[in-house]
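Trainee: Sequence first, predicted coordinates after that:
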Amino acid sequence: MAVLLAMAGPLPSQVNVLTYQYDLARSGANLSETILKPANVNTAQFGKLFSYPVDGYVYGQPLYLANVAIPGKGTHNVVYVATEHDSVYAFDADTNSGANAAPLWQVSFINPAAGITTVPASDVDCTQIYPEIGITSTPVIDPARNTLYVVAMTKENIGGAISYAHRLHALDAATGAERPGSPATVQASAPGRGDGGSTVTLNPKSYKQRPGLLLLNGIVYLGFSSHCDIGTYHGWILGYDAQSLRQVVVFNDTPNGGQGSFWASGAAPAADAEGNIFVVSGNGTFDATSGGPDLGESYIKLSADGGLSVADYFTPFNYSTLNGDDADVGSSGVVLLPDEAGGGDHPHLMVGAGKEGRIYVLDRDNLGKWQAGSDSQIVQSLPRAISSLFGNPAYFNGAVYFCGSGDNLKAFSIVNGSLSTSPVSRSPESFGFPGCVPAISANGKSNGIVWVLDPGGTVCAPGCVSGTLRAYDASNLANELYNSAQNAARDSLGLQVKFSVPTVANGKVYAGTQSALVVYGLLSQAGASLGIANAASAQQNVAAPGSIISVYGSGLAQSTVSATSMPLPTQLGGASVQVGVLPAPMFYASPGQINAQVPFETPIGPATIAVTSGGQFMGAAGITIQPTAPGLFTLGDGRAAAINQDGSLNTASRPAAAGSVVSVYLTGLGAVDNAVATGAAASAVPLSWATSLVTATVGDNSAAVIFAGLAPNFAGLYQVNVVVPQLAPGDYPLRITAGGVASNSAIISVQ
């Protein structure tokens, strides 16, 4: 029931960005972007919509959480921004008009009157983070607990005694209030002799919390690096219980030596489905070949089973030279590639590069450790393929994207586990220091766009340069679609912060700068064409009577709100939708998206869908109404929204038994025998059966359908009960056909 209730709100077309580079693989790709596409990302249709001022540099990637109920302020799509002035902001993600001109909430972790401030860069004799150090890393959000985790650094002058502290805060995502037990002061020690004694300790003044946070299996992981290689330091990974904030993990990568910082230009540790964590250490001592614990200058696989222990590692053959030249591999993180990129001998790959510009393709099941003379033990080692890399590469649709310092944005293809030795496409422009971090938006494998923040080359202060937002066709980087300098008077980005990453979500691009969050999207034009899609499958411009559709645009509604009762209203957030001459009941409305039901009375044939907001006509689009247009709802990673016979959600860990019944949920089956009023909930007694012929396949096998019709207690939502065929255990694509029209396919698991 929780799954179905979620469908009645913003629906799966709403994308959340909860962590650095979208997912734990750090792929850098949002594959559920249905609004922005190469055809409409151009200076005539796309540009700067608005910006929010903030009180400090934004180094961390903005995060996005949809449909958040803010006490006293209604429901909003929210974008979260953290600054070096030790503030966290929650802004409305869709509009800054009216009451949304101010933050939904803001919290600050400093209190100058009480002697608590940010840390001046001069205090640590380092301008890598400038002019102050506060919140540097990308936070992480736990949507199940509605909690945002963030680490802040402060300088504290209490009664003349000066100290420095890092604190892990757990904030209510709706209010900014501290959760019970929050904050936790970060302290750590570990066995070793690198500091001249029997233990090594984390001196808070000597470290910055640089990599993005990782939330994995109920533990929040923090990575630490030094300030400008000053003094004796180490690489630390610390883990805190997400609920109690009790420290449960301490890992030091050079306990008997030094250096080895986890820096990665802000890239967060990656994690695979088995719970292994992958990090890259910077310069440092290395003695693992002689049985020692020091793993400087290495790609490290950590098992998170019962703490953190080294499961495997790879260290370049020339690590000593890299150390001496300050050309370490730890300047960037890694991308864990999906199985589609792997080959027979190496199905599970990851890719990284460092300051040397050598690309490493590694087998996650056998990283290769170290050998003298060459890296021939790993999958691939490609010298001089790119310039120095900072941040992270990205992966999309059989290609890995790199943007090195002083280099072009480059795409390398990967087929059967082999990366092309030269780029298959590159941008016309090269990028000054420190290069850029690519972020990709796409609808599945189509409409791929690579977004980057170009440093531009004009230095405004240490760590800060004027910037340009650029968008490229992912299939051919020679084709630049848009850049914010094309109409600078309208679209200027402002002063960029190095290593920063744009966030693309639900038709908008969010970029943090030295003093603002800048928001780009499709430009609002009265009478503009709207985007119309099946709310489940995202198939465009086709629907059936009774279907749930998503309408995309800009300025569509005056607020973000979900329907709370049945029958559904025909106005939400000041907006209304018409299908032909018929009012459409609405599930959800926001400035960028409306979810509505096509009236059952809509005739077959062409129809026009129009949106009015605040009494003004906002746009219209043509659509074809056909008797059936089935679309399966999915729950991420292409999995079907399916309930097993025992009532559990169908997942890889909760598969359906062969011969049992699974209930799958979709829209677009059309007419039913027990008619239901448009916008009203279907009844359980009697059921409303689809009048069209409905069939199902699981894999290549036909599957018996024992019910196909409206799901009781919901509007526009259909349910098909399918008998699972006799199949070997595994994941299989399921497809529903209604009236001869096939749905999208979605995965179910069978035992």
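Mentor: Perfect, thanks for sending it.
Trainee: Distance from the chain centre to stretch 62-79, please.
Mentor: 16 Å (CA atoms, centre = their mean, to the nearest Å).
Trainee: Stretch 268-282 now?
Mentor: 16 Å.
Trainee: Go through it and flag the buried ones.
Mentor: Taking 16 or more other CB atoms under 10 Å as the basis for neighbour counts, the residues of stretch 268-282 that come out buried are Ala268, Pro269, Ala270, Ala271, Asp272, Asn276, Ile277, Phe278, Val279, Val280, Ser281, Gly282. Any C-beta I mention is one placed from the backbone N, CA and C, and that applies to glycine too.
Trainee: Which members of these occur in strands, if any?
Mentor: With DSSP state E as the criterion, strands contain Ala270, Ala271, Asn276, Ile277, Phe278, Val279, Val280 from among the buried residues of stretch 268-282.
Trainee: you'd agree Val79 is up against Asp94?
Mentor: No. Contact status for Val79 versus Asp94: not in contact, 9.1 Å apart, counting by CB atoms under 8 Å.
Trainee: In the stretch 451-600 of the chain, mark out all the helices, start to finish.
Mentor: With helices called from DSSP state H, counting those that start in this stretch, the stretch 451-600 of the chain shows them at 488-491.
Trainee: which residues of it score low on pLDDT?
Mentor: Judged against pLDDT under 70, the low-scoring parts of the stretch 451-600 of the chain cover residues 457-465, 524-529.
Trainee: and Gly330, what does it touch?
Mentor: If a contact means CB atoms under 8 Å, 6 or more residues apart in numbering, then Gly330 has Ser261, Phe262, Trp263, Ala264, Val280, Ser281, Gly282, Asn283, Glu297, Gly354 as its contacts.
Trainee: where does the residue nearest to Gly275 when sequence neighbours are not counted land on pLDDT?
Mentor: Once flanking residues are discounted, Gly275 sits nearest to Ala304: 4.9 Å by CB to CB, 6 or more residues apart in numbering. With respect to pLDDT, Ala304 has a value of 94.
Trainee: Ala304: what's it in contact with?
Mentor: When contacts are counted by CB under 8 Å, 6+ apart, Ala304 touches Leu216, Asn217, Ile219, Gly239, Val249, Ala271, Gly275, Asn276, Ile277.
Trainee: With Leu238 instead?
Mentor: Counting by CB under 8 Å, 6+ apart, the residues that Leu238 touches are Val186, Ala188, Leu202, Tyr221, Leu222, Phe224, Gln247, Val249, Val250, Phe251.
Trainee: One more: Ala411?
Mentor: Residues counted as contacts of Ala411 (CB under 8 Å, 6+ apart) are Ala399, Val400, Tyr401, Pro423, Val424, Ser425, Arg426, Ala474, Leu477.
Trainee: could you redo the last one with a cut-off of 10 Å?
Mentor: Counting by CB atoms under 10 Å, 6 or more residues apart in numbering, Ala411 makes contact with 394, 396-402, 420, 423-427, 438, 450, 472, 474-477.
Trainee: likewise Leu669?
Mentor: Under the criterion of CB under 10 Å, 6+ apart, the contact list for Leu669 reads 544-547, 627-631, 688-692, 694, 708-710, 718-720, 736, 738-739, 741, 743.
Trainee: Leu530 and Tyr240, how far apart?
Mentor: 45 Å (CB to CB, to the nearest Å).
Trainee: the more surrounded of those two?
Mentor: Counting neighbours by other CB atoms under 10 Å for Leu530 and for Tyr240 shows that Tyr240 has the greater number, 24 against 21.
Trainee: And the next helix or strand past the helix or strand hosting the more buried one?
Mentor: Here Tyr240, judged by DSSP states H and E, is contained in strand 236-241. For strand 236-241, the following helix or strand on the C-terminal side (DSSP H and E) is strand 247-252.
Trainee: taking the mean pLDDT, what do you get for that following strand?
Mentor: Average pLDDT, strand 247-252: 96.
Trainee: in its sheet, what does it sit against?
Mentor: Its sheet considered, strand 247-252 pairs with strand 236-241 (antiparallel) by DSSP bridges.
Trainee: Give me the domain ranges for the chain.
Mentor: Following automatic domain parsing, one gets these domains for the chain: 528-625, 631-750.
Trainee: nearest to Thr612, of the buried residues of stretch 268-282?
Mentor: Ala268 (43.0 Å; CB to CB).
Trainee: wait, the closest one sits on Thr138?
Mentor: Yes. Using CB atoms under 10 Å, Ala268 is in contact with Thr138, at 6.3 Å.
Trainee: what's the overlap in contacts for these two?
Mentor: In contact with both Ala268 and Thr138: Thr19, Tyr20, Gln21, Gly60, Gln61, Pro211, Gly212, Leu213, using CB under 10 Å, 6+ apart.
Trainee: got the contact list for the closest residue to Ala372 other than its chain neighbours?
Mentor: The spatial neighbour of Ala372 that comes closest, neighbours along the chain excluded (CB to CB, 6+ apart), is Phe317 at 6.2 Å. The contact partners of Phe317, by CB under 10 Å, 6+ apart, come to Trp370, Gln371, Ala372, Gly373, Ser374, Asp375, Ser376, Gln377, Ile378, Ser381.
Trainee: Wait, a strand at Phe317?
Mentor: No. With the criterion set as DSSP: H, G, I helix; E, B strand; the rest coil, the secondary structure at Phe317 is coil rather than a strand.
Trainee: distance of it from Asn323?
Mentor: Look at Phe317 and Asn323: by CB to CB, they are 13 Å apart.
Trainee: again, but for Val705
Mentor: Between Val705 and Asn323 the distance is 64 Å, computed by CB to CB.
Trainee: quick one: which of the contacts of Ala304 is nearest Ala538?
Mentor: Ranking those by separation from Ala538, with CB to CB as the measure, puts Ala271 on top at 27.8 Å.
Trainee: Figure out the helix or strand that the residue found closest to the closest one once you drop the neighbours it is linked to in the chain lives in.
Mentor: Take Ala271 and drop its neighbours on the chain: the residue closest to it by CB to CB, 6+ apart is Leu24, 4.4 Å away. Under DSSP H and E, no helix or strand contains Leu24.
Trainee: residues near Leu24, how many?
Mentor: Burial of Leu24 is recorded as 22 neighbouring residues (other CB under 10 Å).
Trainee: dump the residue contacts of it.
Mentor: Leu24 is in contact with 18, 214-216, 268-273, 275, 277-278, 336, counting by CB under 10 Å, 6+ apart.
Trainee: give me phi/psi at Ser290?
Mentor: With angles defined as degrees, to the nearest 10, Ser290 sits at phi -100, psi 20.
Trainee: Can you tell me the closest non-neighbouring residue to Thr651?
Mentor: If the residues on either side of it in the chain are set aside, Thr651 comes closest to Ser749, at 6.3 Å by CB to CB, 6+ apart.
Trainee: so how far is Thr503 from the one you found?
Mentor: Using CB to CB, Ser749 is found at 31 Å from Thr503.
Trainee: hang on, Arg426 is in a strand, isn't it?
Mentor: Yes. Residue state for Arg426 (three-state DSSP) corresponds to a strand.
Trainee: quick one: it and Ala478 touch, right?
Mentor: Yes. Here Arg426 reaches Ala478: they are 7.0 Å apart, a contact under CB under 10 Å.
Trainee: Look at those two and report which has more neighbours.
Mentor: Between Arg426 and Ala478, counting by other CB under 10 Å, Arg426 is the more crowded of the two (19 against 11).
Trainee: So what pairs up with the more buried one in the strands?
Mentor: Note on Arg426: beta-bridge partners by DSSP bridges are Lys410.
Trainee: Start the count at 41 instead of 1 going forward.
Mentor: Okay, residue one is now 41; in that scheme the one you just asked about reads as Arg466.
Trainee: Go ahead and confirm Pro387 touches Gly457.
Mentor: Yes. Pro387 is in contact with Gly457 according to CB under 10 Å; the separation is 7.6 Å.
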